[in-house]
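Peer 1: Here is the input, now give the coordinates:
(one chain, ligands or ions: 1)
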Amino acid sequence: MCGLIGIIGKGLDMRKELIEGLEKLEYRGYDSAGIGYVENGQPVTQKTVGQVARLKEKLSSPIKAEMAIAHTRWATNGGVSLENCHPHISEGKTWMIVHNGIIENADELRAELEEKGVHFYGQTDTEVVANLLERTKFVDPIDSIREVLKKIKGSYAIVAINKNYLDRLFIIKNKSPLYFSYDEGSVRVASDTSVFSGKNFISLNDGEFGEINLNNFKLFNKNGKINKKETKLEKTEINRKNNSNYYMIDEIHETIDVFKRINCEYKDLKIFNKFDKLGAFDEIKLIGCGTAYHSCLIGKKYLEEAAMKEINCYIASEFNAEPPKLNKNMLCIFVSQSGETADTLLAVEKARAAGAKTLAITNVPYSTISKKCKAYLPICAGREVGVASTKAYSAQVVIFYMLACHIKGVAPSLKGLISGFKFPDEEKIRELAKKLIKKRELFLIGRGEDYRNMLEAGLKIREISLVNAVALPAGELKHGTLALIDEDAIAIVLQTSQKGMEKVKNTINEISSRGGKVVFVSQFDPPCEVYDSLKLCQVPQKFMPLSSVVTFQLLAFYMTLEKNLNPDKPRNLAKSVTVE
Ligand code: M6R
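Peer 2: This is a model prediction of the structure:
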């Protein structure tokens with residue numbers, strides 16, 4: 001949620017550096033963007049509502065500063081407006097800050113400050129922090145930060161400039177990621193390592209704060225000064241092989257490379273060392289949000305067969321709202337592309353507190369969820385930028401398969417998947433997309449695993465193409481939703497096993513006889529007359545969810561293009577949801 005960056009460097013083209021940094025972070029939020037620096041002893045900000053591209057247009061002249069901060073916002077506290085756009089400056093103009101996260105007690109702190117006569121320009125919690133820093137009146141800014149940390153509650157990654165110390169940035173972190181990295185003659189701090197070009201980076205832990213300058217850094221936690229080790233920066237170049245305009249389509253097309261990468265990485269059985277050390281367990285729970293949760297619904301089947309146990313899946317926020325009974329003989333597996341999702345992280349904390357064994361399946365090895373769990377398995381998807389998760393979903397499903405093989409004690413192989421996987425006919429999908437966008441709603445129907453995969457198809461179509469696509473188990477249609485079927489309705493029916501062919505014929509007839517149109521999606525021919533059909537590539541049966549999901553990802557993508565919307569930046573959403 002929100003992207004932030006701070007830079008110190010001599011001789012840099014600061015305008016270019018900030019804009020390029022913000023462009024890389026924009027997937028974290030794009031409601032407004034702004035930059036701040038000090039000029040002639042006074043803090044200056046330049047801001048726009050909307051995407052970084054608008055800010056880029058606005059910043060015509062070079063920025064004459066050797067230190068600056070910048071932010072791209074996903075609105076939480078306070079609406080989408082210029083006054084709420086970061087950076088925020090304290091009333092006395094000593095502090096200028098950018099912030100990710102939510103200060104939970106901001107309202108009461110704001111009221112206290114207002115009583116003392118502080119005037120606020122916007123509604124954000126960030127402005128409250130800037131003014132709290134100002135009001136402490138300590139000479140040493142680190143003392144001010146220490147004091148403010150006693151007052152604020154919630155999640156925050158903060159980068160601040162104090163106009164009296166123009167050689168350093170001040171940084172604070174709690175429950176929202178923050179990293180910094182040195183490169184020749186410059187240092188950058190950011191909410192994401194993708195903006196770094198140095199060899200290593202340093203990751204802050206919760207409760208840590210300090211200051212960084214061009215040559216040095218000083219970090220503290222509540223017990224005093226701390227030392228930090230550097231982590232090697234893995235360069236995760238984004239594959240733009242099709243030179244297309246959107247990350248999402250490139251990321252879908254990368255799926256097959258991701259399968260190959262996993263196949264290769266998981267040949268090394270050392271990858272399971274930490275998992276093996278967790279020891280025996282008698283129950284497994286799978287937890288995630290959104291697409292990551294949907295991957296659990298597919299992964300569950302592989303693990304149930306391997307562990308010969310029934311497995312429950314939980315949406316992380318529901319797990320937190322009504323936690324199941326947990327104990328030390330349980331294995332809780334947390335799935336998250338980013339490894340930073342706040343709901344999932346809270347679930348990790350609950351599982352740890354109950355003594356359960358914890359395994360993270362994420363795309364970011366140094367992410368908070370990866371670090372908080374006792375064991376970690378990488379999904380090897382490479383950086384995913386599009387807000388709609390695509391290749392990461394497929395990777396998560398495959399990792400569940402790899403883990404199931406490991407639990408069973410058989411060597412995992414993706415041979416049949418890699419050799420059989422083919423992308424569907426995209427022209428045909430695009431033609432269908434043109435018809436589907438005319439509808440406000442779509443019914444997505446399947447049975448068993450096909451139904452569970454339709455839940456993911458529905459999420460993808462809803463989030464980017466803004467068509468209300470609702471997944472339904474085929475057998476449930478006649479128990480209520482059939483009432484909605486008339487000549488205007490379109491249902492997409494997914495059938496990936498030969499076994500249910502007779503039953504699917506009934507489902508199609510139930511819809512067609514009420515005038516509804518059916519699009520049949522399968523590796524098989526439709527069992528009766530249908531409005532339209534899409535052919536899936538045939539891979540081993542256990543991998544069919546991967547064949548079908550890619551088809552629906554493409555359908556969602558083309559529906560979005562046909563509606564002239566941006567598939568990479570769906571409205572109201574951001575890639576990494578680091579607030580509960
Ligand atoms: O980073 P995570 O996998 O934990 O994110 C979880 C969800 O926010 C995410 O999968 C979301 O549902 C996607 N935008 C869907 O495409």
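Peer 1: Residue of the chain closest to the ligand, please.
Peer 2: Taking Cβ to the nearest ligand atom, the ligand has its nearest neighbour within the chain at residue 290, 1.9 Å off. Every residue, glycine included, has its C-beta placed from N, CA and C.
Peer 1: what's that residue in contact with, if anything?
Peer 2: Contact partners of residue 290, counting by Cβ atoms under 8 Å, 6 or more residues apart in numbering, are 389, 459.
Peer 1: next one: phi and psi at it?
Peer 2: Reported as degrees, to the nearest 10, the phi and psi values for residue 290 are phi 50, psi -130.
Peer 1: same check, this time on residue 309
Peer 2: Given degrees, to the nearest 10, the pair of backbone angles that residue 309 has is phi -140, psi 150.
Peer 1: Model confidence for it, exactly?
Peer 2: At residue 309 the predicted local confidence, pLDDT, stands at 88.
Peer 1: that older thread, any idea how far the residue of the chain closest to the ligand is from residue 320?
Peer 2: Between residue 290 and residue 320 the distance, using Cβ to Cβ, to the nearest Å, works out to 15 Å.
Peer 1: can you check residue 44 too?
Peer 2: The spacing between residue 44 and residue 320, counted by Cβ to Cβ, is 42 Å.
Peer 1: Quick one: the strands in the stretch 301-450 of the chain, in order.
Peer 2: With DSSP state E, counting those that start in this stretch as the criterion, the stretch 301-450 of the chain has strands at 312-315, 330-336, 357-362, 375-378, 441-446.
Peer 1: ok, and what's touching the first one?
Peer 2: The list of residues contacting strand 312-315 from outside it, by Cβ under 8 Å, 6+ apart, reads 285-289, 293, 296-297, 300, 324, 347.
Peer 1: So for the nearest residue to residue 80 once chain neighbours are set aside, what's the pLDDT?
Peer 2: In this structure, residue 80 finds its nearest non-sequential neighbour in residue 31, 4.4 Å apart by Cβ to Cβ, 6 or more residues apart in numbering. pLDDT recorded at residue 31 is 87.
Peer 1: Identify the residues contacting residue 31.
Peer 2: For residue 31, the set of contacting residues under the criterion of Cβ under 8 Å, 6+ apart consists of 49-50, 73-75, 80.
Peer 1: Separate out the buried members of the residues you listed.
Peer 2: A residue is treated as buried here by neighbour count (16 or more other Cβ atoms under 10 Å); on that basis the buried members of the contacts of residue 31 are 49, 73-75.
Peer 1: Out of the strands of the stretch 301-450 of the chain, which is closest to residue 54?
Peer 2: The closest of those to residue 54 is strand 330-336. By Cβ to Cβ, the value is 31.0 Å.
Peer 1: is the closest one up against the ligand anywhere?
Peer 2: Yes: on the criterion Cβ under 6 Å from any ligand atom, strand 330-336 is in touch with the ligand at residue 336.
Peer 1: Pull up the pairing partners for that strand, direction included.
Peer 2: According to DSSP bridges, strand 330-336 has the following sheet partners: strand 283-288 (parallel), strand 357-362 (parallel).
Peer 1: Make a markdown table out of those strands and add mean neighbour count and mean pLDDT.
Peer 2: Compiled in a markdown table, the strands paired with strand 330-336 are given as follows (neighbours: other Cβ atoms under 10 Å; pLDDT from 0 to 100):
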| stretch | mean neighbour count | mean pLDDT |
| --- | --- | --- |
| strand 283-288 | 24 | 97 |
| strand 357-362 | 26 | 98 |
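Peer 1: Good, wrapping up.
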